[in-house]
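S.K.: need a 3D model of the sequence below.
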Amino acid sequence: MRDLLDQIQAANRSGLYYISLLSALMVPEICSALESSNGEAEGKKYAAWFDKNVSPRYSVRGSPTLSGWDAYRFRCRMLHQPTAQLPSSPLSRLIFVEPGTNNLDAHNNKIFDILNIDVRRFIEDIVEAGLLWLDRVEHTPLYKSNRERYACRYPDGLPPYMGGSPIIS
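M.R.: This next block holds a predicted model:
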């Protein structure tokens, strides 16, 4: 899990915002599944994880601007359709602004029913939430049992299948 979060951060720092955004949108799903009793992901688990770990960073005067359900809808739309429009949501669209494109602080600003977010900060927020979450759960029996079944990167290979070469399995 740390390897995945490190690679998302590296892509983000390299200016690969599109690929790092798509990858970051998967983090709440993976985390919520890893701490689930059945080890499986679903929308309500994604939304609950996001609400607990990320949403508190997205509010204006105590009112949330980005809920877990809106984040989940956006994730589904971006990964499967791909569109940034959010039908059946109080937000009609999310706009992710790349850094250096203007002199404004274009982050967490709601204009009518559109929310604009600094893409780099959003990705950092999700990765940071993932790392804090991982520190809390990685030694729990539930996380450990789910982790054994999940694909991950093996930098030194995976004997007896392949040794020495980094693989993902």
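
S.K.: C-alpha from now on. contacts and neighbour counts both.
M.R.: Noted.

S.K.: ranges for the strands of this protein?
M.R.: 59-60, 63-64, 93-97, 109-111, 114-118, 153-154, 157-158, 162-163, 167-168 (DSSP state E).

S.K.: give the burial count for the closest residue to Leu142 other than its chain neighbours, as a bare number.
M.R.: Once flanking residues are discounted, Leu142 sits nearest to Glu35: 6.2 Å by CA to CA, 6 or more residues apart in numbering. The number of residues packed around Glu35, counting by other CA atoms under 10 Å, is 24.

S.K.: quick check: Glu35 touching Ser145?
M.R.: No: between Glu35 and Ser145 there is no contact under CA atoms under 8 Å: 9.5 Å.

S.K.: returning to what we had before: which ones are touching the residue nearest to Leu142?
M.R.: Counting by CA atoms under 8 Å, 6 or more residues apart in numbering, Glu35 touches 137, 142-143, 146.

S.K.: please repeat the previous calculation with a cut-off of 10 Å.
M.R.: 41, 45, 49, 134, 137-138, 140-147 (CA atoms under 10 Å, 6 or more residues apart in numbering).

S.K.: show residues contacting the helix or strand of the chain with the lowest mean pLDDT.
M.R.: Ranking every helix and strand in the chain by mean pLDDT, DSSP states H and E puts strand 162-163 at the bottom, with a mean of 78. Residues from elsewhere that reach strand 162-163, judged by CA under 10 Å, 6+ apart: 154-157.

S.K.: low-confidence ranges, the protein, go.
M.R.: 101-105 (pLDDT under 70).

S.K.: do a quick rundown of the helices in it.
M.R.: 2-13, 17-24, 27-34, 43-53, 68-80, 119-137, 141-147 (DSSP state H).

S.K.: as JSON lines, these with mean neighbour count and distance to Ile95 would be great.
M.R.: Putting these into JSON lines (neighbours: other CA atoms under 10 Å; distance: least, CA to CA, whole Å) gives the following:
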{"stretch": "helix 2-13", "mean neighbour count": "17", "distance to Ile95": "17"}
{"stretch": "helix 17-24", "mean neighbour count": "19", "distance to Ile95": "12"}
{"stretch": "helix 27-34", "mean neighbour count": "23", "distance to Ile95": "20"}
{"stretch": "helix 43-53", "mean neighbour count": "20", "distance to Ile95": "18"}
{"stretch": "helix 68-80", "mean neighbour count": "19", "distance to Ile95": "11"}
{"stretch": "helix 119-137", "mean neighbour count": "18", "distance to Ile95": "9"}
{"stretch": "helix 141-147", "mean neighbour count": "15", "distance to Ile95": "34"}
